[in-house]
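[1] After the sequence you'll find the predicted model.
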Amino acid sequence: MGKRIITYGTFDLFHIGHVRLLKRLAALGDHLTVCVSSDEFNAIKGKKTVIPYAQRAEIVGACRYVDNVLPEHDWDQKRDDIVREKIDIFAMGDDWSGKFNDLGDLCEVFYLPRTEDVSSTSLKAFMEALRDEQLKEVKHLIETLNSKAAGL
């Protein structure tokens, strides 16, 4: 039996960084399980997603590098998942470096570099800035129209 890998994440606004991470994870072995954070778990973490869990899980599962998708409901399930799924490698992006070293008694723990300059957080910030800019333009247009209407 080949090496089995597991990773965890929210995978909101699926982007090239996600694809590249999953490709590198899949290259570590023969079977990749991805645990996608549920909407309820994201709420506990203080995260708000754009895409609901069922759709995020379906998107991740459609990626050719992914063999299995499971829900992530809480921080503590990782140990049970590793044992149940017979995992050889637990891997995460290096923004989590050192956070899961305690799992090293069950399997190898790897932290892989993230794709530079792309993240769901940066995409959300860009969309919010774009929305704010558009709102300013609309307010200015309304003010202009109101001024013209007042002069009639």
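    Thanks, I have it. Numbers count the residues shown, from 1 in each chain.

[2] can we go C-alpha only for contacts and neighbour counts from here?
    Fine.

[3] quick one: residue 71 from residue 54, how far?
    9 Å (C-alpha to C-alpha, to the nearest Å).

[4] Quick check on these two: which one has the bigger neighbour count.
    residue 71 (18 against 12; other C-alpha atoms under 10 Å).

[5] Stretch 45-57 spans what distance, first to last residue?
    Stretch 45-57 has its terminal residues 18 Å apart, counting by C-alpha to C-alpha.

[6] Revised request: answer the last question for stretch 64-82.
    For stretch 64-82, the separation between the terminal residues is 22 Å (C-alpha to C-alpha).

[7] all strands in this protein, in order from the N-terminus.
    With strands called from DSSP state E, the chain shows them at 4-9, 31-37, 68-72, 89-93, 108-112.

[8] Pairing partners for the third one, with directions?
    In other words, strand 68-72. In the sheet, strand 68-72 lines up against strand 31-37 (parallel) (DSSP bridges).

[9] Contacts for the partner strand next, please.
    Strand 31-37 is contacted by residues 2-11, 25-26, 53, 56-57, 60, 65-73 when judged by C-alpha atoms under 8 Å, 6 or more residues apart in numbering.

[10] Sketch out the low-pLDDT regions of the protein for me.
    Along the chain, the model assigns pLDDT under 70 to residues 1, 115-132, 134-138, 140-141, 144-145, 148, 151-152.

[11] Domain-wise, how is it divided?
    4-116, 119-152 (automatic domain parsing).

[12] Packed most tightly, which of the ones you listed would that be?
    Sort these by mean neighbour count, taking mean count of other C-alpha atoms under 10 Å, and domain 4-116 sits at the top with a mean of 17.

[13] would you turn the strands of the chain into JSON lines with distance to residue 146?
    As requested, the strands of the chain are exported to JSON lines (distance: least, C-alpha to C-alpha, whole Å):
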{"stretch": "strand 4-9", "distance to residue 146": "48"}
{"stretch": "strand 31-37", "distance to residue 146": "47"}
{"stretch": "strand 68-72", "distance to residue 146": "51"}
{"stretch": "strand 89-93", "distance to residue 146": "52"}
{"stretch": "strand 108-112", "distance to residue 146": "55"}
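
[14] All good on my end, thank you.
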